[in-house]
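> Here's my sequence, what's the structure:
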Amino acid sequence: MEEAIIDFLIAVMLIIGFTYGLIRQFRHCVSIRNGNKSEYVHYKRVLIGNYLICLSYSGFLFSYILNSLLSSHIIPASFITSDNTSFCCFVFLAILLIAKFGIIPKENEQVGLQEYIVEKEEI
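Numbers count the residues shown, from 1 in each chain. Purely as a prediction, here's the structure:
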């Protein structure tokens with residue numbers, strides 16, 4: 001019984017952490033959207049990549065919450081099973097990683113432009 005409570009508390013802590021990360025990702029996406037377009041060399045790629053990250057992060061969090069509820073038997077496993085939700089978690093996590101490392105350009109390409117902007121502001 002104690003192990004089940006500890007497992008549930010760990011899952012709740014992870015859900016809280018993932019929710020905080022999702023909120024920060026939404027804020028980052030909004031700051032890119034409202035920011036200066038000239039700050040980014042590939043503005044559209046950065047924006048689309050961050051939209052995809054927000055969408056896949058939301059799907060991952062929703063699937064993880066469903067999986068946690070199914071494993072703790074709060075929701076009966078009739079149509080939605082633990083295998084389906086864990087597969088959805090994997091798919092959304094894979095999409096998130098592809099968007100993060102494949103679609104969004106590397107920071108090294110933007111360093112030169114950002115240094116130029118900083119130098120321009122100092123003058």
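> Please make it C-alpha for all contacts and neighbour counts, starting now.
Fine.
> I'd like the distance between the residue nearest the centre of the chain and residue 18.
The centre of the chain sits closest to residue 57, judged by Cα atoms, centre = their mean, with a distance of 3.5 Å. According to Cα to Cα, to the nearest Å, residue 57 stands 9 Å off from residue 18.
> Which secondary structure state does residue 76 sit in?
Here residue 76 is coil, with the state taken from DSSP: H, G, I helix; E, B strand; the rest coil.
> got the contact list for it?
If a contact means Cα atoms under 8 Å, 6 or more residues apart in numbering, then residue 76 has residue 70 as its contacts.
> Quick check, pLDDT for it.
With respect to pLDDT, residue 76 has a value of 85.
> before we move on, what about residue 83?
89.
> try the one 5 residues further on
The confidence metric pLDDT takes the value 94 at residue 88.
> what's around it, how many residues?
Neighbour count of residue 88, defined by other Cα atoms under 10 Å: 18.
> right, and it touches residue 63 too?
Yes: with contacts counted by Cα atoms under 8 Å, residue 88 reaches residue 63, the gap being 6.2 Å.
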